[in-house]
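Asker: Turn this into a structure:
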Amino acid sequence: MNVTSATDTTGKSSSSTSSTSATSSNSVDYNTFLQLLVAEMKNQDPTNPMDTSQYMSQFAQLSTVEQAMQTNSKLDALLSSQSLSQANGLIGKTVSFTDSTGASFSGEVVSVAINSDGSIATLQDGTKVAVGPGLTISQS
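Answerer: Numbering: from 1, shown residues only. Just a heads-up that it's a prediction; the model follows:
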């Protein structure tokens, strides 16, 4: 089995190694990193060992990436919570808007759905309105 360093700059790698790393590059965690590190240490050339500072640099980079991913997931949860709070505040309010044809609509919001594209308010008459620019909200 040919194991190359993660920091090897010679550009030599087998096609099976590159295809495996391409599919699993998004799911590397600490356990995978440690398994790769141990395998690399077992298979390195004893007459030319890898510098330990490179190991620490790789570990620090992995730690930074994982912390950024945790921060992003917490921000996503916070944004979702904020969207739900805003949606709750719209229910029972009167909204008015003008569509692309120039027709004006107005009605009371009875429900709000939140999806990946944003918030969609449903009025009493069943009209669905995207919550965003051009929407006027007032008390009922």
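
Asker: what's the following helix or strand after the longest helix that the chain contains?
Answerer: Secondary structure of the chain per DSSP state H: the longest helix is helix 52-90. Counting by DSSP states H and E, the next helix or strand C-terminal to helix 52-90 is strand 94-98.

Asker: Okay, now the sheet partners of that next one, with direction.
Answerer: strand 104-115 (antiparallel), strand 136-138 (antiparallel) (DSSP bridges).

Asker: how about the first one: buried residues?
Answerer: Using 16 or more other C-beta atoms under 10 Å as the burial criterion, the residues of strand 104-115 that qualify are Gly107, Val109, Val112. C-beta: built from backbone N, CA, C; applies to glycine.

Asker: how does this protein divide up, domain by domain?
Answerer: Domains of the chain are assigned by automatic domain parsing as 29-42+55-90, 91-138.

Asker: I'd like those as JSON lines, with distance to Pro49 and mean pLDDT appended.
Answerer: Listed next are those as JSON lines, based on distance: least, C-beta to C-beta, whole Å; pLDDT from 0 to 100:
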{"stretch": "domain 29-42+55-90", "distance to Pro49": "8", "mean pLDDT": "81"}
{"stretch": "domain 91-138", "distance to Pro49": "49", "mean pLDDT": "84"}
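
Asker: Rebuild the ones you listed as a markdown table, extending it with distance to Asn48.
Answerer: Listed next are the domains of the chain as a markdown table, based on distance: least, C-beta to C-beta, whole Å:
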| stretch | distance to Asn48 |
| --- | --- |
| domain 29-42+55-90 | 13 |
| domain 91-138 | 51 |
